[in-house]
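Q: structural data only, the sequence is not supplied:
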């Protein structure tokens, strides 16, 4: 094979590797979305059980509480727990495992919220990676209109024969 064909073959290998990585990233993005949706449903169920919404519980007056040395003037209330007994046990399947455990209500929604934040971060990272790789592959695809289909077909069926 001459030098031009070797360079072209190497370019095809690079594009294929990038496309493979792009597909893996898209599959992981779909999996992250599935887990994120499961977390949303679990958090909604916990809030429904506590009869609260994200905005139904007022935030504590932290500035007033910092200045007071004795007991706080305002009782700190969790936005998810509300007036619900935060020590009441609830069943939770830990993220990424098949392990169920009975843990306090407050700990359950705290674990889910932290996991949700982590998954959101990972999903955004994957989305930017997918955009970058898609752009990179499309930029390399510009060569496709410079090469005739006959040459491309010949490269696909190309075999080295000993002299």
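A: Nice, thanks for sending it over. Keep in mind it's a predicted model, so treat the numbers as computed, not measured. Numbering: from 1, shown residues only.

Q: what about this structure, any weak spots by pLDDT?
A: Along the chain, the model assigns pLDDT under 70 to residues 1, 52-77, 79-83, 95, 141-163.

Q: now the helices: where do they sit in it?
A: Counting by DSSP state H, the chain has helices at residues 3-50, 62-67, 105-140, 149-156.

Q: give the contact list for residue 40.
A: By C-beta atoms under 8 Å, 6 or more residues apart in numbering, the residues touching residue 40 are residue 116. Glycine gets a C-beta too; all of them are placed from N, C-alpha and C.

Q: separation between it and residue 34?
A: 11 Å (C-beta to C-beta, to the nearest Å).

Q: again, but for residue 121
A: To residue 34, residue 121 is 17 Å away according to C-beta to C-beta.

Q: cool, residue 103 as well?
A: Counting by C-beta to C-beta, the gap from residue 103 to residue 34 is 23 Å.

Q: who has more neighbours, those two?
A: Using other C-beta atoms under 10 Å as the criterion, residue 103 and residue 34 rank with residue 103 on top: 15 against 10.

Q: specify the beta-bridge partners of the more buried one.
A: residue 90 (DSSP bridges).

Q: which ones are touching it?
A: 89-90, 92, 111.

Q: residue 99: which of the helices of the chain is closest?
A: With C-beta to C-beta as the criterion, residue 99 lies closest to helix 105-140 of those, at 12.2 Å.

Q: for that closest one, list every residue counted as buried.
A: Across helix 105-140, burial judged by 16 or more other C-beta atoms under 10 Å covers 105-106, 108-112, 115-116, 119, 123, 126, 129-130, 133, 137.

Q: do stretch 2-19 as well
A: Here stretch 2-19 shows 8, 15, 18 as buried, counting by 16+ other C-beta under 10 Å.
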